[in-house]
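# What follows is a predicted structure for the sequence shown.
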Amino acid sequence: MKIGFIGCGNMASAMIGGIIKNQVTAPADILASTKTAASREKKKEELGIALTADNREVAAFADVLILAVKPFYYEEVIKEIRDVVSEDTIVVSIAPGKKLAWMEGLFEKPLKIVRTMPNTPALVGEGMSCVCGNEKCSSEDVDTVCRIFAGFGKTEIVEEDMIDVVVGVSGSSPAYVFMFIEAMADAAVADGMPRAQAYRFAAQAVLGSAKMVLETGKHPGELKDMVCSQKGTTIEAVRVLEEKGLRSAVFEAMKACVKKGREV
Ligand SMILES: NC(=O)C1=CN([C@@H]2O[C@H](COP(=O)(O)OP(=O)(O)OC[C@H]3O[C@@H](n4cnc5c(N)ncnc54)[C@H](O)[C@@H]3O)[C@@H](O)[C@H]2O)C=CC1
Ligand SMILES: O=C(O)[C@@H]1CCC=N1
């Protein structure tokens with residue numbers, strides 16, 4: 001299976017890294033395009049794949065064509081490639097806000113289009129993605145995309161309306177989690193821990209907590225209560241987090257994120 005990426009920035013690189021590491025397809029079967037010669041050189045060295053400046057070459061090469069540019073470049077890129085995309089090609093969007101119907105209209109011919117929303121933990125094989133195919137896609141086409149995405153993490157099929165929500169809860173959320181880890185590490189540094197060690201302790205605590213949610217099936221509140229000893233240290237931290245509005249901050253941040261995705 002030949003996989004093409006138009007654009008090879010943060011998200012495409014994370015996906016390609018995961019695809020290669022997990023042997024979803026060979027590096028020789030991946031072709032990506034970027035705008036500058038410098039970025040092509042850098043990505044070639046970093047990922048070991050072929051790169052080109054020519055988006056149309058990628059579109060003609062790919063069985064599965066992933067549009068990995070910013071949402072505001074979608075229109076320009078689709079108009080540039082639409083006459084070379086074959087009707088057998090599965091076109092994959094990873095952008096927020098760009099609806100299936102809008103892309104179908106721009107391609108001006110009936111094509112298989114799959115909207116997805118991945119996230120950067122794909123780079124370490126721990127991505128979380130959603131997938132939604134248009135009416136032209138058979139269940140095998142959707143399965144093909146799911147198989148690629150399963151190569152770098154977990155994938156679930158959703159209705160198109162749900163993709164805006166996925167942006168908030170997993171597409172963008174690694175950024176909030178990194179802020180949380182950074183803040184915890186800063187506090188540990190303030191109390192005397194060396195910075196590199198502080199990142200290890202904070203990140204492993206987040207990793208382990210996430211695994212507990214996924215593997216025990218217990219409610220997150222119950223898991224929180226299991227940490228909070230009577231008259232203990234944790235409940236003091238929880239009191240301050242509630243006072244400073246952690247839950248509300250997360251809630252409002254995600255509402256803003258989803259709203260922005262719907263406006264793209
Ligand atoms: N970064 C993230 O965590 C996530 C990003 N996404 C989506 O992935 C897409 C890409 O985002 P990033 O990788 O973060 O952006 P980026 O800015 O890191 O990468 C964009 C790439 O597109 C290239 N590019 C720009 N115009 C081009 C053109 N006309 N032809 C060919 N290449 C062109 C750039 O050279 C760059 O390699 C966006 O639609 C974004 O919303 C989705 C989920 C998560
Ligand atoms: O910030 C963004 O718009 C993209 C979409 C999800 C994560 N990054």
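Here it is on my side, so go on. Numbers count the residues shown, from 1 in each chain. Ligands and ions are numbered 1, 2, ... in the order given.

# Strands along the stretch 151-264 of the chain, start to end?
153-157 (DSSP state E, counting those that start in this stretch).

# quick one, helices of it?
163-166, 173-190, 195-216, 220-227, 234-243, 246-263 (DSSP state H, counting those that start in this stretch).

# Dump these to JSON lines, plus mean neighbour count and distance to S93.
Yep, even glycine has a C-beta here, placed from its N, CA and C like the rest. Output for these, formatted as JSON lines (neighbours: other CB atoms under 10 Å; distance: least, CB to CB, whole Å):
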{"stretch": "helix 163-166", "mean neighbour count": "22", "distance to S93": "9"}
{"stretch": "helix 173-190", "mean neighbour count": "15", "distance to S93": "20"}
{"stretch": "helix 195-216", "mean neighbour count": "13", "distance to S93": "27"}
{"stretch": "helix 220-227", "mean neighbour count": "12", "distance to S93": "31"}
{"stretch": "helix 234-243", "mean neighbour count": "12", "distance to S93": "37"}
{"stretch": "helix 246-263", "mean neighbour count": "14", "distance to S93": "13"}
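
# Could you dump the ones you listed into CSV and include mean pLDDT and distance to ligand 2?
Listed next are the helices of the stretch 151-264 of the chain as CSV, based on pLDDT from 0 to 100; distance: least, CB to the nearest ligand atom, whole Å:
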stretch, mean pLDDT, distance to ligand 2
helix 163-166, 98, 9
helix 173-190, 98, 7
helix 195-216, 98, 18
helix 220-227, 98, 23
helix 234-243, 98, 25
helix 246-263, 97, 7
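
# Quick one: those as JSON lines, columns for distance to F5 too.
Output for those, formatted as JSON lines (distance: least, CB to CB, whole Å):
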{"stretch": "helix 163-166", "distance to F5": "20"}
{"stretch": "helix 173-190", "distance to F5": "20"}
{"stretch": "helix 195-216", "distance to F5": "28"}
{"stretch": "helix 220-227", "distance to F5": "36"}
{"stretch": "helix 234-243", "distance to F5": "40"}
{"stretch": "helix 246-263", "distance to F5": "22"}
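
# List phi and psi for the closest residue to C8 other than its chain neighbours.
What sits nearest to C8 in space, not counting adjacent residues and going by CB to CB, 6 or more residues apart in numbering, is A32, at 4.1 Å. Main-chain dihedrals, A32, degrees, to the nearest 10: phi -130, psi 160.

# gap between the residue of the stretch 51-200 of the chain found nearest ligand 2 and ligand 1?
Nearest to ligand 2 in the stretch 51-200 of the chain, going by CB to the nearest ligand atom, is G171, at a distance of 3.5 Å. According to CB to the nearest ligand atom, to the nearest Å, G171 and ligand 1 sit 4 Å apart.

# Count the residues that sit near the residue lying closest to that residue once chain neighbours are set aside.
Once flanking residues are discounted, G171 sits nearest to M117: 4.6 Å by CB to CB, 6+ apart. Neighbourhood size, M117 [other CB atoms under 10 Å]: 26.

# thinking again about what came up before, out of the helices of the stretch 151-264 of the chain, the one nearest ligand 1 is which?
helix 173-190 (6.6 Å).
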